[in-house]
Every structure is written in structure tokens, then in C-alpha cells.
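[1] Here's my sequence, what's the structure:
(chains A and B)
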2 protein chains.
Amino acid sequence: MSDAYQGLVDEPLDADYVAGAVDLLGVLAYEELTTYQSLSVHAFSAPDLASRLELCRFAVADFEHIRLIEGRLGELGSTLEGAMAPFVGAIDDLNRRTRAETWLEGLVKASVAAGIVADFYRDLARLVDPRTRAVVEEVVADNAKSDYLIEAVRSSIEPGSKEASRLSLWGRRLVGEALTQAQQVAADRDAMGGLLIGTVERPGADLGEIGEILKRATARHTERMTRMGLTA
Amino acid sequence: MSDAYQGLVDEPLDADYVAGAVDLLGVLAYEELTTYQSLSVHAFSAPDLASRLELCRFAVADFEHIRLIEGRLGELGSTLEGAMAPFVGAIDDLNRRTRAETWLEGLVKASVAAGIVADFYRDLARLVDPRTRAVVEEVVADNAKSDYLIEAVRSSIEPGSKEASRLSLWGRRLVGEALTQAQQVAADRDAMGGLLIGTVERPGADLGEIGEILKRATARHTERMTRMGLTA
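    So this is what the prediction gives:
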């Protein structure tokens, strides 16, 4: 990380606070790991070598995010494997339920998933310490990938075509599954839930704010779908 | 690349010479691309998160090699896609014929393939210009990955067991297929063949030397198999 990062206060944190930050970094790291692997596999279905290389470049960038997260987890006294482990089951289940069958389904999925993850975790990062927040913000700030995926889908489909309506349906299914799962994870994990709820020493989100986070994530998802030439 | 690389003479090369170097870089880049993608997929079969992450780290390092190769191809007036394209068919065929079915088969394949590629292309790199040679040598010098794969296989199998004999057979099949294919590629591609044969201005390998290259590659393969606890 940058000099600015080194300048961020790393003051002693209470145990709940650390547990919440570790959970946030762990779930994000596991999302990045599965995205990196899935994009690397999906690149085998690319229609040409140039798109295949391009998708691989973005996949590798996702893996580089994991190294950033690993650095912060080390500072918090945790490890990548330890922090990821509680989220493996839920994220693997989600991926099994939403397997892309075609090149374009895979691109839509990558775009929808990366968008939801970025929106959701960027909002949650406001609730953690400055250094953890800086890591999360750097990880989710990947606009080049998002623009590439949106343009790759947009330029391949005819608006209003059968393919466009099929992919629109696919996008709706993905966002529904992802939001359901995110809420489930927050409910199941005490540390993650604790992040949202806050304590006397540490402000959290109230129920109204959680509603706002979900509303914003949905609005941005609709925007991305529209840019791809699909309906949300 | 390093300052030492910048210091290497980049004198004007004749067209045959450039074509041979581009072919060598192209085939190596496509080997690295498929290896990176295959290891990233194979990591899904890892028995635990730690091995999965470790394999992904090596896969990403293979992708980073592609960036080095791309830099040199640019200096030679070529592109990654252009240089790779002639080798896609042969390498994809080889991979289709040698699909790993288990975690250990995949590790043995990664070790055998990386070893053969390194030995073979390191020898061929003696026949190209200093800058191209430096890039090839840096790409194939990945001992950490080789040691990791060998140790991962060795520590998982009982010497003399049924599994060991099955994997030994698998290793023999892999090396046979790889060497057959390498000779086929050299025979099919004029520029690649030209690299080996040499011209008045530029020394090449004679038939005796080609035999030596294959002999050395086979001897080093046997050594690696032995270190894994397998028989070659």
C-alpha cells in the first residue's frame, strides 16, 4: 500500500472491532479468489485470443487484491485462510446455483457480481478502522474491469433481441441470489452482524441504513444493466 | 526487465532471426497462458484452502511471465496474439489428450510440463539474440514452483504403492506426448525450424545437437520423477 496508507492511524482496536474487520476482509478475499479462478476458467470460452488475454489480465488483478488483503489481515493478527474459511460454504453454494453456460452469461455474471460486491463492501467499509477501509476501497475500485465487461456485453447483443431478454432475466436472477446470500451471511456471522449493528464505542448502521445500503446497491445494479443494453 | 537487460545489445536483426525469436516467444507465451489457466482451474480441486492459494500464486506468476514476453515481442515489432496464434492448435490438442482427472495427476502434469518446457526452451534460447534469450531464461527459471509441485506429490504418495505406479505411468505418457508434440511443432513451423538449423550469418543447432537437447530434457525429467517418488 501507499505512503498515505502507512500514515493512517493503526491504533489498538477492541476485539469485536477486529473480528468485524477480519470478517469483512475474509469475505472479500474469498470473493476475489473465486472471481479470479472463475474468470481464468471462463477465459477458455472466449471467442478469440485477444478477449481471452483481456479477461485473464482482469482475473490476475483480482488475485493481486488478495495480496493487499493478506497484508492487512497480518496486521490484524489473522491469516488469509483463517479469515476466508467461514465464507467458503455460502459463496461456493451461490456459485453452484449460478453457473454461467455461455460466454456472455459469464461476462454478465462477472459484471453483476463485481458490482454488487463493490457497492456492498464499500458501504460496509465505512464502519471499520481507516486502514481496513483503505484496503477495501482499493480492492473494490476496479473501474477498468467493470467498463470492459459492460462494453463487451453491450457490443455483442442487439437491444430488444431474444438474447438480450434472456440475459436480462439472468441478471435479475443473479442479483436476487447475491442479495439473499449477503443478508444470510450477515445474519449467520456474529462478527459480521456486529459490524453493522455497532456498539457504544463504535458507531454502526441502524436498520434504516442497512435498507439504504441495499437500495443503493440495487440502483447501481440497474444502472449497470442499462449500460449493458439489458433491463434490470 | 532489469538494467542488465537494458544493457544487452538490441542490434538490428535479419528477418529470419526475428521470425525465429518471435516463434520461440510465441510458443512459450501460449504455454504460460494455458498453464496459468489450467492451474487456476485445477486449484478448485485442492484438498484445502492453503494448497488452493499456493497453486493460484504460482499460476499468477505464470501470467506475469506473459507480460515479460509481451514486452520483448513489442520490441521485435510483434504482438502477443500474433506470436501465439500459430501454436494454439498444437498445444490445445496436447492438453485435450492429457487431461488430469485427479488433484495429484494435475500436480504431476504441471511439474512434468513446466520441466520439459523449461529445459527445452532454455536450450533453444541459446540460438536467439541476447535480449530474447534473457526473457526466456527469466521465464523458465521458476524453481520455487517446481520444488513446490515435486514436494506436494512426494509427500502425498507412498513409494511403491498402486497410486505411485499409476502416477509413474501417467508421467511417462505425459513426457512422450510432450516430446512428440515439440518435434512436430519444430517440423511444421519454418521459422521455428530455421532457429534450429541456423544460417551462414547465424549459428544453429545441427542434428547431433538436437539429439543432445532431447537427451538432456529426458534425463532431467527422470530426475524430477525420482524426486517425486515416481519412476520415469
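
[2] Residue A:190: what's it in contact with?
    Contact partners of residue A:190, counting by C-beta atoms under 8 Å, 6 or more residues apart in numbering or on different chains, are residue A:19. Any C-beta I mention is one placed from the backbone N, CA and C, and that applies to glycine too.

[3] Kindly state the pLDDT recorded for it?
    Confidence at residue A:190, expressed as pLDDT, is 74.

[4] repeat for residue A:194
    70.

[5] count of neighbours near it?
    19 (other C-beta atoms under 10 Å in any protein chain shown).

[6] Test my guess that it contacts residue A:16.
    Yes. Between residue A:194 and residue A:16 there is a contact under C-beta atoms under 8 Å: 5.5 Å.

[7] Up against chain B, what does chain A have?
    Counting by C-beta under 8 Å from any C-beta of the partner chain, chain A comes close to chain B at A:33, A:36-37, A:40-41, A:43-44, A:49-50, A:52-53, A:56-57, A:59-60, A:63-64, A:66, A:80-81, A:84-85, A:88.

[8] filter those residues to the buried ones?
    Taking 16 or more other C-beta atoms under 10 Å in any protein chain shown as the criterion, what is buried in these is A:33, A:36-37, A:40-41, A:43, A:49, A:52-53, A:56-57, A:59-60, A:63, A:66, A:80-81, A:84, A:88.

[9] Which members of the residues of chain A next to chain B are positioned in helices?
    Among these, the members found in helices (DSSP state H) are A:33, A:36-37, A:40-41, A:49-50, A:52-53, A:56-57, A:59-60, A:63-64, A:66, A:80-81, A:84, A:88.

[10] Not counting its neighbours along the chain, what's nearest residue A:77?
    In space, and not counting its chain neighbours, residue A:77 is closest to residue A:18: 7.4 Å by C-beta to C-beta, 6 or more residues apart in numbering or on different chains.

[11] Distance check, that neighbour against residue A:26.
    Between residue A:18 and residue A:26 the distance is 12 Å, computed by C-beta to C-beta, to the nearest Å.

[12] Just the pLDDT for the nearest residue to residue A:124 once chain neighbours are set aside.
    Computed as C-beta to C-beta, 6+ apart, the closest residue to residue A:124 that is not its neighbour in sequence is residue A:24, at 5.8 Å. On pLDDT, residue A:24 comes in at 93.

[13] Report the distance from the helix or strand where residue A:24 lies to the chain centre.
    Using DSSP states H and E, the element containing residue A:24 is helix A:15-42. Centre-to-centre, helix A:15-42 and its host chain are 8 Å apart (C-alpha atoms, centre = their mean, to the nearest Å).

[14] Stretch A:154-167 too?
    That offset, for stretch A:154-167, works out to 25 Å (C-alpha atoms, centre = their mean).

[15] Quick one: end-to-end length of it, please.
    11 Å (C-alpha to C-alpha, to the nearest Å).

[16] separation between residue A:153 and chain B?
    Per C-beta to the nearest C-beta, to the nearest Å, residue A:153 is found 22 Å from chain B.

[17] The residue in chain A positioned nearest to chain B: what's its closest spatial neighbour, skipping adjacent residues?
    Here chain A gets closest to chain B at one residue, residue A:40, 3.6 Å apart by C-beta to the nearest C-beta. In space, and not counting its chain neighbours, residue A:40 is closest to residue B:40: 3.6 Å by C-beta to C-beta, 6+ apart.

[18] Put the alpha carbons of stretch A:44-57 into PDB.
    The C-alpha trace of stretch A:44-57 is given here as PDB (Å, rounded to 0.1, in the frame of the first residue of the first chain):
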ATOM      1  CA  PHE A  44     -11.200 -20.600 -22.100                       C
ATOM      2  CA  SER A  45     -14.600 -19.900 -23.700                       C
ATOM      3  CA  ALA A  46     -13.500 -16.600 -25.200                       C
ATOM      4  CA  PRO A  47     -14.300 -16.100 -28.900                       C
ATOM      5  CA  ASP A  48     -10.700 -15.000 -29.700                       C
ATOM      6  CA  LEU A  49      -7.200 -14.800 -28.200                       C
ATOM      7  CA  ALA A  50      -7.500 -11.000 -27.500                       C
ATOM      8  CA  SER A  51     -10.600 -11.300 -25.300                       C
ATOM      9  CA  ARG A  52      -9.100 -14.400 -23.700                       C
ATOM     10  CA  LEU A  53      -6.000 -12.400 -22.700                       C
ATOM     11  CA  GLU A  54      -8.000  -9.400 -21.600                       C
ATOM     12  CA  LEU A  55     -10.200 -11.500 -19.300                       C
ATOM     13  CA  CYS A  56      -7.100 -13.200 -17.800                       C
ATOM     14  CA  ARG A  57      -5.500  -9.800 -17.100                       C
END
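
[19] From the chain's centroid, how far away is that stretch?
    Put simply, stretch A:44-57 sits 22 Å off its chain's centre (C-alpha atoms, centre = their mean).

[20] Show the average pLDDT along that stretch.
    Stretch A:44-57 comes out at a mean pLDDT of 96.

[21] Same check on stretch A:88-100?
    Stretch A:88-100 comes out at a mean pLDDT of 94.

[22] Relative to the whole chain's centre, how far out is it?
    For stretch A:88-100, the distance to the chain centre is 14 Å (C-alpha atoms, centre = their mean).

[23] ok so, going back, for residue A:18 and residue A:26, indicate the residue with more neighbours.
    Counted by other C-beta under 10 Å, residue A:18 and residue A:26 do not tie: residue A:26 has more neighbours, with 26 against 18.

[24] what's the nearest residue to that one if we skip its chain neighbours?
    Per C-beta to C-beta, 6+ apart, closest to residue A:26 is residue A:83, 3.0 Å.

[25] The one you found and residue A:70 touch, don't they?
    No. Applying C-beta under 8 Å as the test, residue A:83 and residue A:70 come out as separate, 9.0 Å apart.

[26] Touching both of the two, which residues are there?
    residue A:29.
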